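>>> below is the sequence, then the predicted model.
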Amino acid sequence: MTIRGRVYVLGDNIDTDQIIPAEYLNLVPTIPEEYRKLGSYALAGLARTPDQPPFVPPGAMTGPFTIIVAGKNFGCGSSREHAPIALGAAGTKAVVAESFARIFFRNCVATGELYPCETPARLVDAFRTNEEAVLDLEANTLTNVATGAVHTLRPLGDAGPVIAAGGLFAYARQTGMISAAGTGAGASVSGGPQAGADD
Amino acid sequence: MSEMTMTEKILARAAGKRAVEPGDNVWVAADVLMTHDVCGPGTIGIFRREFGAQARVWDRDRVVLIPDHYIFTKDDKAHRNVDILREFAADQSLPHLYDVGTPRYKGVCHIALAEEGHNRPGEVLFGTDSHTCTAGAFNEFATGIGNTDAAFVMGTGKLLLKVPPTMRFVFDGEVPSYILAKDLILQIIGDIGVDGATYRAMEFAGDAVMRLSMEERMTLANMVIEAGGKNGIIAADETTRAYVGARTKKSFDEVTNDPGASFSFERRYDASRLEPVVARPHSPDNRALARELKDVRLTRAYIGSCTGGKLTDFVNAAQVLRGRHVAVDTFLVPSTTEVSTGLRTHTIDGRPLLDIFRDAGCQVSIEASCAACLGGPKDTFGRINGPEVCISTTNRNFPGRMGSKEGQVYLASPYTVAASAVTGRITDPRELLQ
Ligand code: SF4
């Protein structure tokens, strides 16, 4: 699977308060209208710099950036699932970072909103915001279309199939870890593959 | 059989295995699942979507609902979210809802869990809040999870976890009178960085740690997440047993490290040499000594949150503030209703804390909640709404964390915050404590 689109470049330690400021946490992600609103506020907590366009244009519900390229410890801070959801709702499909904070990574996988891809090398200087990139999840590469430079990603491992299935629940059903939807009480976890949304 | 750490032992037990090792993926049975008004509604939405409208939670007695984040606000959605918790608790007949506007209302979930006897040694606690790690002070495995994972736990009682390696932080010797647990944890985070413990357990040990009160131990474990840690853990002792025994009749099984348990990292500190520290904007690992920052002028001070809004924190602040007057706007928010009551009933030299603070010119909220620790709706008490320079007993100073992106937040102990409030600049509490 490949993901092609525009890149948004960020630095180290982008925390969940910058991804979705607390004043918007009154929105409930499972309510469709509020899910979309969360998208419109994605990265609203980021300090604005003159050389960086807003992630989501004023008044818009989604942004033009498909891939975020960031430094270390992306998504540190709160356990709010609103964070990967806001990015996903804004139209982002993947975050490529040097490293992720644990709960954010896990929330990406469990929700299936985003591919959290780690890179062995720092890529924040290899891309500029608005450049076009191609993320190849089979070859584990991120290509800068303008420069042609190909960067290696760490394999997603156990997390890949979970995101591809659409998140923890879809994966758990596909693999028989839990029974089909709507069967009510007493959902039981059976053995199943030891993959799942693990961090 | 392999020798295990405390964290490994709890996870092995909860997974029904004789032994586990770091890196193992295991299905862990939850003892308690906690959620609040910010993440509860989304968790409930996923639970109903995935398990069906008629589904029941896996164990009524193990689900704890604690509204605490957006309580004293006019925000309609915030109230709607508490209503969702109420409706769910009624529908599922859940006994543990600490509902707003009732005598059961508590306030900040991590302190409420402890006070209401939901923290017990040897257990597994999942919570939809990153500071769920606070409960590691009680010799249990406690970690923060997202809504989807929480909905999975709600329906199945289980979660797949990777067993973390344990990092060990040992404090030997006598803790000086001017040093608090907040200084210990800011010292560690400054040393290892905000991602220094990612995917790892952090154990706090040594005679200096074991002499700390439960509330001070909670401050240590609370900020594990600020180093990226999965959970914090402290051995159980008489202090733990006395606290837990006074709050619950349930039995529990303590865990200890096996003699041959292995750690991925160990650092020893001589507690007697520690100095009061501060984390500068905008990161909890941006550490400096308080005495190095005397030129930093403040416009505000804040005492509250799960980190620094417990009764002990207010008692410590009052030691500095009594008989003095603050030079900057100083906001005080008790974490729970029990702490709020304590402000009236706890006295120093016969004077209630509340009077000491009011005499000192502080603005004290009687209403317990998270308040401005995470900014919140615009009308939140103590929220930073402009270019304030604030010193705070809370846990995070990310850009915009307490409200406006223009604000700057310095994190410090209740002593240092109180001393700084008095002088209007960052102040080493030794200047005022003698
Ligand atoms: S007091 Fe602050 S850190 Fe603690 S639970 Fe509330 S918002 Fe989170």
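Yep, that arrived. Residues are numbered from 1 along each chain as shown, chains lettered A, B, ... in the order given.

>>> doesn't residue B:202 lie inside a helix?
No. Looking at residue B:202 with DSSP: H, G, I helix; E, B strand; the rest coil, it is strand, so not inside a helix.

>>> now it, which residues is it bridged with?
On DSSP bridges, the residues paired with residue B:202 through beta bridges are residue B:167, residue B:232.

>>> let me know whether it touches residue B:226 as I believe.
No. Look at residue B:202 against residue B:226 with Cβ atoms under 8 Å: they stay out of range, at 10.5 Å. Any C-beta I mention is one placed from the backbone N, CA and C, and that applies to glycine too.

>>> identify the residues contacting residue B:96.
Contacts for residue B:96 (Cβ atoms under 8 Å, 6 or more residues apart in numbering or on different chains) come out as B:61, B:63, B:64, B:65, B:116, B:118.

>>> tell me, what residue is most central in chain A?
residue A:114 (3.0 Å; Cα atoms, centre = their mean).

>>> so who does the closest residue in space to that one that isn't next to it in sequence touch?
Nearest residue to residue A:114, sequence neighbours excluded (Cβ to Cβ, 6 or more residues apart in numbering or on different chains): residue A:108, at 4.4 Å. With contacts defined as Cβ under 8 Å, 6+ apart, residue A:108 is in contact with A:75, A:84, A:95, A:100, A:114, A:115, A:116, A:159, A:163.

>>> residue ranges with poor pLDDT in the chain?
You didn't pick a chain, so chain A it is. A:180-199 (pLDDT under 70).

>>> actually chain B
Ranges of chain B meeting pLDDT under 70: B:1.

>>> so what's the gap between the helix or strand where residue B:288 lies and the chain middle?
Under the criterion of DSSP states H and E, residue B:288 resides in strand B:287-289. Strand B:287-289 has its C-alpha centroid displaced from the chain centroid by 21 Å (Cα atoms, centre = their mean, to the nearest Å).

>>> quick one: buried residues of that strand?
Going by neighbour count (16 or more other Cβ atoms under 10 Å in any protein chain shown), the buried part of strand B:287-289 is B:287, B:288.

>>> may I have the helix or strand following that strand as CSV, with CA atoms only?
Downstream of strand B:287-289, the next assigned helix or strand under DSSP H and E is strand B:300-303. The C-alpha trace of strand B:300-303 is given here as CSV (Å, rounded to 0.1, in the frame of the first residue of the first chain):
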residue,chain,number,x,y,z
ARG,B,300,1.1,34.5,38.4
ALA,B,301,1.3,31.4,40.6
TYR,B,302,-0.9,28.3,40.6
ILE,B,303,-1.2,25.5,43.1
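
>>> strand B:300-303 packs against which elements?
Packing partners of strand B:300-303 (3 or more Cβ pairs under 8 Å, 6 or more residues apart in numbering or on different chains; DSSP states H and E): helix B:311-321, strand B:329-332, strand B:389-392, helix B:414-423.

>>> does it come close to the ligand?
No. Against the ligand, strand B:300-303 shows no contacts by Cβ under 6 Å from any ligand atom, the least distance being 11.0 Å.

>>> phi, psi of residue B:363?
phi -100, psi 110 (degrees, to the nearest 10).

>>> ok, it to residue B:13 distance?
From residue B:363 over to residue B:13 the distance is 47 Å, taken as Cβ to Cβ, to the nearest Å.

>>> more neighbours: the two, which one.
Taking neighbours as other Cβ atoms under 10 Å in any protein chain shown, residue B:363 and residue B:13 compare with residue B:13 leading, 20 against 14.

>>> which residue comes closest to the more buried one once chain neighbours are left out?
Residue nearest to residue B:13 in three dimensions, not counting chain neighbours: residue B:122, with 7.1 Å by Cβ to Cβ, 6+ apart.

>>> would you agree the one you found is in contact with residue B:138?
No. At 9.2 Å, residue B:122 does not count as touching residue B:138 under the criterion of Cβ under 8 Å.

>>> sorry, back to before: so what strands line up beside the strand holding residue B:288?
Strand B:287-289 has these strand partners (DSSP bridges): strand B:277-279 (antiparallel).

>>> the helices and strands packed on strand B:300-303: which one's closest to residue A:57?
Set against residue A:57 and scored by Cβ to Cβ, these come closest in strand B:389-392, at 31.8 Å.

>>> would you put the C-alpha positions of the closest one in PDB?
Provided in PDB are the C-alpha atoms of strand B:389-392 (Å, rounded to 0.1, in the frame of the first residue of the first chain):
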ATOM      1  CA  VAL B 389       4.500  34.100  33.300                       C
ATOM      2  CA  CYS B 390       3.200  31.500  35.700                       C
ATOM      3  CA  ILE B 391       4.900  29.200  38.300                       C
ATOM      4  CA  SER B 392       2.800  26.100  38.900                       C
END
